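A.B. asks: Predicted model and sequence below, questions to follow.
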Amino acid sequence: MDYLSKFINYLKATKNLSQKTLAAYSIDLRQFISYEHEILHPDICSFISHLSGNLNLKDTSIRRKIITLKNFYDYLLNNDYIESSPFKKLKFKFKQEKKLPKTLPVADVNKILKCFDIEISSFSKFAQKEFVRDAALIDLLISTGIRIGEAVAITLDDIIASERTLLIHGKGRKQRLIYISSSVTWSRIKALVKERAQSSNNYLFVNRYGQPITIHGVEDIYKKYVKKAQLNTRSTPHYLRHTFATNLLANGADLRSVQEILGHASVSTTQIYTEVTTNRKKKVLQKYNYRNKL
């Protein structure tokens with residue numbers, strides 16, 4: 001019996017999961033099935049040891065696979081395919097390093113933005129289109145802190161011009177509205193919308209072939225302007241999200257509002273940014289507080 005297909009179909013029908021999440025479930029389970037042929041009577045500990053010892057996976061990856069397997073065997077148990085779950089008496093403990101979000105200095109963000117403060121009338125028509133797209137994309141990521149995947153999913157129908165607002169399609173198929181507070185960012189988005197108005201493709205950000213830009217495409221564009229700004233950094237576009245959130249909190253925004261703006265399911269996810277701002281405040285006080293010299 002193809003238990004994997006039945007389980008995936010069950011998730012599709014009942015859990016309202018994204019295709020990306022369903023694919024992750026499928027990949028994890030196929031990896032397990034290729035290792036463990038006795039699906040109904042598995043040796044879970046042996047598989048976990050294989051992931052850790054032979055594949056050297058990080059604890060976060062192993063934890064995700066354990067959750068996938070628990071859900072899978074709960075499904076088998078609830079549908080009477082097995083009499084008892086192999087996880088019934090198993091408990092796994094991991095030491096997880098709490099990593100702080102990596103951010104860019106505000107001065108570096110400004111250098112990236114300066115790359116778009118140039119005259120493009122002498123550019124070729126193709127180069128002008130590319131520049132308008134890049135300016136709107138990078139500025140949007142900086143100004144709103146949205147995820148890369150959320151940016152590439154934006155369509156012209158998601159733009160509410162009268163409210164200067166974008167409808168963002170977030171994780172777990174959750175939607176949220178983001179207000180574009182920067183007039184410069186908004187003008188760049190309007191310039192791109194004008195450019196895209198005559199296209200049959202409804203996506204806001206497209207590649208040179210008129211197809212929706214991919215996440216890897218965004219990463220390449222970001223690298224291009226990091227290089228133009230002459231920044232000595234190995235940062236990724238996701239650093240812009242971290243920088244956005246950290247500076248909101250540092251400037252006095254409340255945690256709940258930042259959670260809603262970022263589209264976090266739990267405020268505990270947003271909480272980590274407060275630790276970044278605290279560390280920065282400590283450095284500033286240690287370096288500049290006059291009391292230290294008295």
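C.D. replies: Sure, I can see it. Numbering: from 1, shown residues only.

A.B. asks: C-alpha from now on. contacts and neighbour counts both.
C.D. replies: Noted.

A.B. asks: which helices and strands sit right next to the one helix or strand Leu249 maps to?
C.D. replies: Leu249 belongs to helix 238-250 when assigned by DSSP states H and E. Other elements packing on helix 238-250 under the criterion 3 or more Cα pairs under 8 Å, 6 or more residues apart in numbering; DSSP states H and E are helix 125-144, helix 255-262, helix 267-288.

A.B. asks: most packed of those helices?
C.D. replies: Of the helices and strands packed on helix 238-250, the one with the most neighbours on average (mean count of other Cα atoms under 10 Å) is helix 125-144, at a mean of 19.

A.B. asks: how about stretch 122-137 as CSV, C-alpha atoms only?
C.D. replies: Extracted in CSV, the C-alpha atoms of stretch 122-137 (Å, rounded to 0.1, in the frame of the first residue of the first chain):
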residue,chain,number,x,y,z
SER,A,122,21.1,57.4,-21.6
PHE,A,123,20.4,53.7,-20.9
SER,A,124,19.0,51.4,-23.5
LYS,A,125,15.3,50.7,-23.3
PHE,A,126,15.9,47.2,-22.0
ALA,A,127,18.4,48.5,-19.3
GLN,A,128,15.9,51.2,-18.3
LYS,A,129,13.2,48.5,-17.7
GLU,A,130,15.6,46.4,-15.7
PHE,A,131,16.7,49.3,-13.6
VAL,A,132,13.1,50.4,-12.8
ARG,A,133,12.3,46.8,-11.7
ASP,A,134,15.4,46.5,-9.6
ALA,A,135,14.9,49.8,-7.9
ALA,A,136,11.3,49.0,-7.0
LEU,A,137,12.2,45.5,-5.8
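
A.B. asks: Next one: the residue most central in space within the chain from Lys125, what distance?
C.D. replies: Residue closest to the average C-alpha location in the chain (Cα atoms, centre = their mean): Arg147, at 4.4 Å. As judged by Cα to Cα, to the nearest Å, Arg147 and Lys125 stand 29 Å apart.

A.B. asks: Contacts for the helix holding Leu249, please.
C.D. replies: The contact list for helix 238-250, computed with Cα atoms under 8 Å, 6 or more residues apart in numbering, reads 101-106, 141-148, 255, 258, 262, 273-274, 276-277.

A.B. asks: what do you get for stretch 199-213?
C.D. replies: Applying Cα under 8 Å, 6+ apart, the contact partners of stretch 199-213 are 130, 133, 137, 151-157, 192-193, 196, 217.

A.B. asks: pLDDT below threshold where in the chain?
C.D. replies: 94-98, 291, 294 (pLDDT under 70).

A.B. asks: residue ranges for the strands of the stretch 101-250 of the chain, please.
C.D. replies: Counting by DSSP state E, counting those that start in this stretch, the stretch 101-250 of the chain has strands at residues 159-160, 165-169, 175-179.

A.B. asks: Need the winner for burial among these.
C.D. replies: strand 165-169 (a mean of 19).

A.B. asks: what packs against that strand?
C.D. replies: The contact analysis (3+ Cα pairs under 8 Å, 6+ apart) places strand 165-169 against helix 148-152, strand 159-160, strand 175-179.

A.B. asks: which one of the ones you listed lies closest to Gln31?
C.D. replies: Gln31 lies closest, by Cα to Cα, to one member of the helices and strands packed on strand 165-169: helix 148-152, at 25.7 Å.

A.B. asks: May I see the buried residues of that closest one?
C.D. replies: By neighbour count on 16 or more other Cα atoms under 10 Å, the buried set for helix 148-152 is Ile148, Gly149, Ala151, Val152.

A.B. asks: Also stretch 210-218?
C.D. replies: Within stretch 210-218, the residues scored as buried using 16+ other Cα under 10 Å are Pro212, Ile213, Thr214, Ile215, Val218.

A.B. asks: I'd like the residues you listed written out as CSV, with distance to Leu51 added.
C.D. replies: Conversion of the buried residues of stretch 210-218 to CSV gives the following (distance: Cα to Cα, whole Å):
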residue, distance to Leu51
Pro212, 36
Ile213, 34
Thr214, 30
Ile215, 28
Val218, 32
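
A.B. asks: how close does Val132 get to Glu195?
C.D. replies: Val132 sits 8 Å away from Glu195, taking Cα to Cα as the criterion.

A.B. asks: I misspoke; the intended subject was Ile44.
C.D. replies: Per Cα to Cα, Ile44 is found 55 Å from Glu195.

A.B. asks: the more surrounded of those two?
C.D. replies: Between Ile44 and Glu195, counted using other Cα atoms under 10 Å, the more crowded position is Ile44 (17 against 14).

A.B. asks: How about the contacts made by the more buried one?
C.D. replies: By Cα under 8 Å, 6+ apart, Ile44 lies in contact with Pro86, Phe87.
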